[in-house]
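Novice: Fold the following for me, if possible:
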Amino acid sequence: MGSASSTLTQYDIELVQEHCNYLFGQQEIVCLYKRFCQLDRNAKGFISADEFLSVPEFAMNPISQRLIKMVDGLNFKDFVAFLSAFSAKATLPQKIEIIFKVYDSDCKGKVTFNDLIQVLHDLTGSFMSDKQREVVLSELLHEAGYTKESSLLLDDFFKMLENRGVRMEVEIPVD
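Specialist: Next up, the predicted model:
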């Protein structure tokens, strides 16, 4: 499992399953490994930012640059662990944690109003003005009991998103 050209043993598959909290079945892990090997063009055992960006759906994502910071250099086990947050079996807290990490671009464990503005800008582009983004986020924060000056922690994200019906799922085609 160290290099992308090797094959997975049953032991490797079970280790990866454990590493991703059993959110993917064995067949899904084998399919993910095949995809990982396709992306790891130089068989280095990890996927670079450029290799991730070779996936059109990833490159077109408005927050791809934020995601790149999270996935650049992942080995196979960590690649699967990252994707596990998008599994249909992932819990809401697991999904919210990955959302929090997208917003917390400096990895300091808190999200500021500026972080929120930047992500909303990435998502909306020219469809919203800076003033509109500021108004929308100020109202959202106010409704949740926060202000523009608040620094949101992971627990705050849980409180704000737990009843919002967050859906983040990827389908792993099983050959």
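Novice: in what helix or strand does residue 81 lie?
Specialist: In this structure, residue 81 sits in helix 76-84 according to DSSP states H and E.
Novice: Residue 97 too?
Specialist: helix 92-103.
Novice: Just the C-alphas of that helix, formatted as CSV.
Specialist: Output of helix 92-103 as CSV, limited to C-alpha atoms (Å, rounded to 0.1, in the frame of the first residue of the first chain):
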residue,chain,number,x,y,z
LEU,A,92,-23.7,14.9,10.9
PRO,A,93,-20.8,15.8,13.2
GLN,A,94,-18.3,14.3,10.8
LYS,A,95,-19.8,16.3,7.9
ILE,A,96,-19.9,19.5,10.0
GLU,A,97,-16.2,19.0,11.0
ILE,A,98,-15.1,18.9,7.4
ILE,A,99,-17.2,22.1,6.6
PHE,A,100,-15.5,23.8,9.5
LYS,A,101,-12.1,22.9,8.2
VAL,A,102,-13.0,24.4,4.8
TYR,A,103,-13.8,27.7,6.5
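Novice: Give me the angle between it and helix 76-84.
Specialist: On the basis of axes from the mean of the first three to the mean of the last three Cα atoms, to 10 degrees, helix 92-103 is oriented at 100 degrees to helix 76-84.
Novice: coming back round to it: mean confidence score for the helix holding residue 81?
Specialist: What helix 76-84 shows for mean pLDDT is 94.
Novice: contacting residues around that helix?
Specialist: 1, 4, 15-16, 19-21, 23-24, 29, 32-33, 36, 45, 47, 70-71, 74, 90, 94, 98, 170 (Cβ atoms under 8 Å, 6 or more residues apart in numbering). To be clear about C-beta, it is placed using only N, CA and C from the backbone, and glycine gets the same treatment.
Novice: from those, which ones fall inside strands?
Specialist: 47, 74 (DSSP state E).
Novice: which among the contacts of helix 76-84 end up buried?
Specialist: Buried members of these, scored by 16 or more other Cβ atoms under 10 Å, are 1, 4, 16, 20, 23-24, 29, 32-33, 36, 47, 71, 74, 90, 94, 98.
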